[in-house]
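**Student:** quick one, fold the following:
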Amino acid sequence: MPLLLEHIMNGKLSPQAIITHHLPLSDAARGYEMFDKKQED
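**Tutor:** Predicted coordinates:
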């Protein structure tokens, strides 16, 4: 994780390349389920 953050801060990696959804923390379990099942919505 520290290396990932370093690459983002140095402009070597755009967060848009890896962040696909925005969910409130209260929906974290649903977010992990979506990721696990490769769901779009």
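**Student:** give me the pLDDT for the residue most central in space within the chain.
**Tutor:** Closest to where the C-alpha atoms of the chain average out (C-alpha atoms, centre = their mean) is I19, at 3.8 Å. pLDDT for I19: 85.
**Student:** look up phi and psi at N10.
**Tutor:** Backbone torsions for N10, taken as degrees, to the nearest 10, come to phi -90, psi 0.
**Student:** that one and M34, how far apart?
**Tutor:** Counting by C-beta to C-beta, to the nearest Å, the gap from N10 to M34 is 30 Å. Using the backbone N, CA and C atoms, a C-beta is placed for each residue, glycine as well.
**Student:** and these two? Which one has more around it.
**Tutor:** Between N10 and M34, counted using other C-beta atoms under 10 Å, M34 has the larger neighbour count: 16 against 8.
**Student:** let me know the secondary structure of that one.
**Tutor:** Assigned by DSSP: H, G, I helix; E, B strand; the rest coil, the conformation of M34 is helix.
**Student:** flag the shaky bits of the protein, pLDDT-wise.
**Tutor:** 41 (pLDDT under 70).
**Student:** farthest residue from the center of it?
**Tutor:** Farthest-from-centroid check, the chain (C-alpha atoms, centre = their mean): N10, 18.1 Å.
**Student:** okay, now I8: neighbour count?
**Tutor:** 14.
**Student:** check the gap between it and P2 for me.
**Tutor:** Taking C-beta to C-beta, one finds I8 at 11 Å from P2.
**Student:** all the helices of this structure, in order from the start?
**Tutor:** 2-9, 28-37 (DSSP state H).
**Student:** got those as CSV, with distance to P15 columns?
**Tutor:** Shown next, in CSV, are the helices of the chain (distance: least, C-beta to C-beta, whole Å):
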stretch, distance to P15
helix 2-9, 6
helix 28-37, 16
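**Student:** now the closest residue in space to E33 that isn't next to it in sequence: how far from L25?
**Tutor:** Nearest non-adjacent residue to E33, counting by C-beta to C-beta, 6 or more residues apart in numbering: Q39, 7.7 Å away. Noted for Q39: a distance of 19 Å to L25, by C-beta to C-beta.
**Student:** alright, calling it a day.
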